[in-house]
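how does the following fold in three dimensions:
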Amino acid sequence: MAGAQPGVHALQLKPVRVSESLKRGSRFMKWDEVMTPVTLRVDPQGYFLGVTGLFCCVLWRRGFITALFPQEAKLRELLDVGNLVGRIENRMLTVVTGPDMVNIQYLNFMAFQEDVAKEWAHELFSLASNLLAQNMGRESCLEKAFTRLKLQTNQEGRIPVKNIFRLFSTDRKRVETALESCNLPAGRNDSIPLEDLTPDVYKSFINNLCPRSEINQIFADLGVKSRNYLTVDQMTEFINNKQRDPRLNEILYPPLKPEQTQLLMEKYEPNPAMIQKGQISVEGFARYLISEENSVIPPEKLDLSEDMTFPLSQYFINSSHNTYLTAGQLAGSSSVEMYRQTLLSGCRCVELDCWKGRTAEEEPVITHGFTMTSEISFKEVIEAIAECAFKTSPFPIILSFENHVDSPKQQAKMAEYCRSIFGDALLTETLEKYPLESGVPLPSPQELIGKILIKNKKSHPKPSDGSTKKKLSEQASNSDSSSVFEPSSPSAGPAAPAEVEAEDDEDEEDDDDDCKKSMDEDTAGCEAFATEEMSTLVNYIQPTKFHSFEISKSDKRSYQMSSFVETKALEHLTKTPVEFVEYNKFQLSRIYPKGTRVDSSNYMPQVFWNAGCQLVALNFQTIDLSMQLNLGMYEYNGKSGYRLKPEFMRRPDKHFDPFTESTVDGIVANTLSVKIISGQFLTDKKVGVYVEIDMFGLPVDTRRKAFKTKTSQSNAINPVWDEEPIVFKKVVLPTLASLRIAVYEEGGKFIGHRIIPVSAIRPGYRYIGLRNEKNQALTLPAIFVYIEVKDYVPDTFAALSNPIRYVNLMEQRSKQLAALTLEEGEEEKDTKEVQTPADPQTNFTVLEACVSASEMEAQTVEELKQQKGFVREQRRHYKEMKDLVKKHHKKTTEMIKEHTAKYNEIQHDYLRKRAVLLKSELANLDQDSGQKLSELKEQQQQQLLNLRQEQYYSEKYLKKEHIKQYYICVCVCVCVCVRVCVCVCFCNIINIPKIIKPWQ
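Modelled structure (predicted):
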């Protein structure tokens, strides 16, 4: 079956576990401008971090953990007093929280012992980065809200009712009614004893506040009729037919058995008596639907489930552009913290724009050159990267250097900082199995675990030192040029020494043109010449100027990569899509936003994922739709920052066109249907809401704003939409397609969304918890949907996928046609008249009563077309026409290949001659090459025109022959008691009246 994995994945994800020390709590000093003694404590479920002082308890959302040190000497002295164990910097703990990567808040604490600070830092980070906690089901979300209410007690240890109004603030009247129905105080100034708000009372309150009539309807539709329960067999049938993914392999993932269903019912049915009878009530059924077992994404998709042993070029790699920026590209502040937040979010490729420091210390800095953005210390950035590099993912990090430092002394400092701070994590030598030679692939992420790779210009030795000094001075002057340039990638380092001189000459030519390009490509083209210290750090990621796909294919150097501004990449993708995909099978390509995106907006990454581009770099500070798709893409596979490409994008014997509209060889397309049933607690405002559905993937699969529900009438607590589902009949490439479901207020304000891979989505009745723009889970907002997903079956073979349904449909159509074709005056004959009678005498009577030949009805054209002879002839004609078209396509393909080879030959000859000619001779060469290409184009167009004309006349002649053969009369002799024969002559398709000629 399609969608099956080679084997069942053994889940490695661990559920949330809070240590006893975190439950009990520990004493800390909270410091900012003043110091306050507090106790930190985590609730048993690990939802909240509580900070308890003398007067209050404050709750914060879980954030990422790091450690900051007070800069003021006076504050440091105040903190470092008393009988404290360990150095003060080792006792620091900082909790970082915020709605996105830019707007963050620091909560600084100091422990009284080093081991306490270390334990809390480790445990809190484990809780904050737990993938199962980040993807909790509906049941856990409701439990989290309940935990929050229990923790927010007043001084008397009671739950203020105003906190319930604040949590469920959509409709105060409904909240009051729900509280009263549970016999709880409902006044704003009232409070509820903790023992009165039990889990069962809380569930009853939720059911009264948000009644679910649609669940009762689904339960009734499953066949309960007048009963109020489902049996084991009914529940088993429901799970296997509605909730199971039909794409799964039935051997590796067998359907549920009744005994397994019984265990499931025992888990969720609250009534022991019904459990004994093998029954489940509507309440137990509703509990199953909100359980973790019924999540819309299987947990194995969140886990590290993809093979990580393929070359680096065969993965999509989470990448950032101008990582240091917090706002626009021309003005705003740069931040070291952006590197921490970006790496902790799962990014594996960050960018460092390095410039020469102007201070007396001559420390290199990171900033956006020739703009009003602030500068940050290069050394501090390297320290931040070292601190957070492998906290979220152990797989390799690529540091993309845009090096404008024209000072050899400062470049030497940069190299020394990388070596000393990264230590053994920095990959300075190539792996023995993967030398820098032509035809050798890149190492795999698995083989590079825990390693940091540098992408920077790499210099190579020349015959004399004079040319090196000359190039360094030229690059120094270039780096002070204008602010917006098109980047030319730096020179590539060959493995063979014999190639060095020729490539260096090419580099000099490239450098002359580096700063003369379009505004789209920003400042990357004016990079400084790499010194020996920096060059020695570069190995598998060597940036090189891109010339053509043909040259890259012939060189076959996997360690050379090229960067493309989005506009140039789009041009390549438009003109040579197949070649672009082939290039990305063996070499890396990096795509970055055009320089005119001064507001730090992002291009749509899906466009370049479709071409197999690995490093699709985005502005992480801007959480727009593009960035949301990126976060959704890399949420899976253990949040490792690496996603394995589809197989046909990796195999050298497969060729893929991203613009294909037909199914891909070896990939089974999917049919996806989504019905939005209802929503729960979508917003805290009393407004109408609606849902939109988008599909992102190949151009043929992408459908923007494909579906939109009606707007609910001022109901955001439990809106119900009774509308037809949206059907994506044919998703050509489900492994690269994502479904986005977004919820908006009636005015268009964004509430939340969820992005789910089509290949991972589970069918059936599911709750989908919504996320905010940063892809953080929202606690209460969710939508309830019904999803159908299956292998796509063309209409031609629909009868094979569901023969019973097909036969029933054919019978229904026949009855409808019979009613339409019934002529005036005709009456339906009783079926008894055509039955074979048991009595021979009766049979003789019927024969005597036969109508005369002149009254007999002739067969219709449609009936005669069902005759075997006609069907056989029609099949033969179809085969002849198909063969003719196939031959034409073959000739056309051969002709195009021939002309492509000629074009490549002319282009290659042009490049070869251009490399050795002087600039004064280039004009003649360009004119000669252009004339040859023009002649080749005209010749190709004429040959294709001739071939098409020939095909046209061939098809026309063949159709005439077929029509002649259809005129052959088929004589049907019908002898009915009076020995009358009727010769019926019929024709196909054309409207020639049927001729009936009786003869004796």
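
the residue nearest to Ser21 when sequence neighbours are not counted: neighbouring residues, count only.
Using C-beta to C-beta, 6 or more residues apart in numbering and skipping residues adjacent in sequence, the residue nearest Ser21 is Glu119, 6.4 Å away. Heads up, the C-betas are built off the backbone N, CA and C, glycines and all. Neighbourhood size, Glu119 [other C-beta atoms under 10 Å]: 16.

verify the stated contact: Glu119 with Glu20.
No - using C-beta atoms under 8 Å as the test, Glu119 is too far from Glu20 to be in contact (11.1 Å).

pLDDT weak spots in the stretch 651-800 of the chain?
Residue ranges of the stretch 651-800 of the chain with pLDDT under 70: 798-800.

which stretches of it form helices?
For the stretch 651-800 of the chain, the helices defined by DSSP state H, counting those that start in this stretch cover 798-801.

and the strands in it?
670-680, 689-696, 703-708, 726-731, 738-745, 750-757, 764-771, 777-791 (DSSP state E, counting those that start in this stretch).

mind giving me the packing neighbours of the top helix by length along the chain?
The longest helix of the chain (DSSP state H) is helix 868-916. Applying 3 or more C-beta pairs under 8 Å, 6 or more residues apart in numbering; DSSP states H and E, one finds that helix 868-916 contacts helix 549-555, helix 922-966.

now do the first one: distance to the chain's middle.
Looking back up the chat, that one is helix 549-555. Averaging C-alpha positions (C-alpha atoms, centre = their mean, to the nearest Å) puts helix 549-555 30 Å from its chain's average.

so what strands line up beside the very next helix or strand once past that helix?
Per DSSP states H and E, the first helix or strand lying C-terminal to helix 549-555 is strand 560-565. Strands flanking strand 560-565 in the sheet, each with its direction: strand 542-543 (parallel), strand 589-592 (parallel) (DSSP bridges).

among the ones you listed, which is nearest Ser226?
strand 589-592 (61.9 Å; C-beta to C-beta).

tally of neighbours for Thr893?
For Thr893, using other C-beta under 10 Å, the count is 10.

chain neighbours aside, what residue packs nearest to the residue most central in space within the chain?
Taking C-alpha atoms, centre = their mean, the centroid of the chain lies closest to Met633, which sits 3.6 Å from it. Leaving aside its sequence neighbours, Met633 sits nearest to Arg643 (C-beta to C-beta, 6+ apart; 6.5 Å).

Asn154 too?
Per C-beta to C-beta, 6+ apart, closest to Asn154 is Pro160, 5.5 Å.

confirm for me that the one you found is in contact with Leu149.
No - Pro160 is beyond contact range of Leu149, at 9.3 Å (criterion: C-beta under 8 Å).

quick one, what contacts the closest residue to Glu647 other than its chain neighbours?
Excluding its sequence neighbours, the residue lying closest to Glu647 (C-beta to C-beta, 6+ apart) is Gly666, at 7.0 Å. By C-beta atoms under 8 Å, 6 or more residues apart in numbering, the contact list for Gly666 reads 647-648, 654.

for Gly666, grab phi and psi.
Gly666 adopts backbone torsions of phi 90, psi -10, taken as degrees, to the nearest 10.

got it, and Met101?
phi -80, psi -10.

leaving out sequence neighbours, find the closest residue to it.
The nearest residue in space to Met101 (C-beta to C-beta, 6+ apart) is Gln341, at 4.1 Å.

what helix or strand is the one you found on?
Using DSSP H and E, Gln341 falls in helix 337-344.

next secondary structure after that helix?
Following helix 337-344 toward the C-terminus (DSSP H and E): strand 349-355.

and that next one with helix 337-344, angle?
Orientation check (axes from the mean of the first three to the mean of the last three C-alpha atoms, to 10 degrees): strand 349-355 against helix 337-344 gives 160 degrees.

partners of the next helix or strand after strand 349-355 in the sheet?
The helix or strand immediately downstream of strand 349-355 is strand 365-366, counting by DSSP H and E. Paired neighbours of strand 365-366 in the sheet (DSSP bridges): strand 349-355 (antiparallel), strand 376-377 (antiparallel).

and the last one, how far out from the chain middle?
To tie it back to what came earlier, the one meant is strand 376-377. With C-alpha atoms, centre = their mean, you get 34 Å for strand 376-377.

hang on, the earlier thing: any idea which of the helices and strands packed on helix 868-916 is most buried?
Using mean count of other C-beta atoms under 10 Å, the stretch among the helices and strands packed on helix 868-916 with the largest mean neighbour count is helix 549-555, at a mean of 15.

that one - what's its average pLDDT?
Averaged over helix 549-555, pLDDT sits at 94.

which residues sit against stretch 374-388?
For stretch 374-388, using C-beta under 8 Å, 6+ apart, the contacting residues are 66, 324, 332-337, 339-340, 343-344, 350, 352, 354-355, 357, 363-367, 397, 399, 414, 417-418, 421-422, 425, 452.

could you give me the average pLDDT of it?
96.

now do the buried residues in it.
By 16 or more other C-beta atoms under 10 Å, the buried positions in stretch 374-388 come out as 374-379, 381-388.

kindly report the same for stretch 597-606.
So for stretch 597-606, counting by 16+ other C-beta under 10 Å, buried means 597, 600-606.

I'm done for today, thanks for sticking with me.
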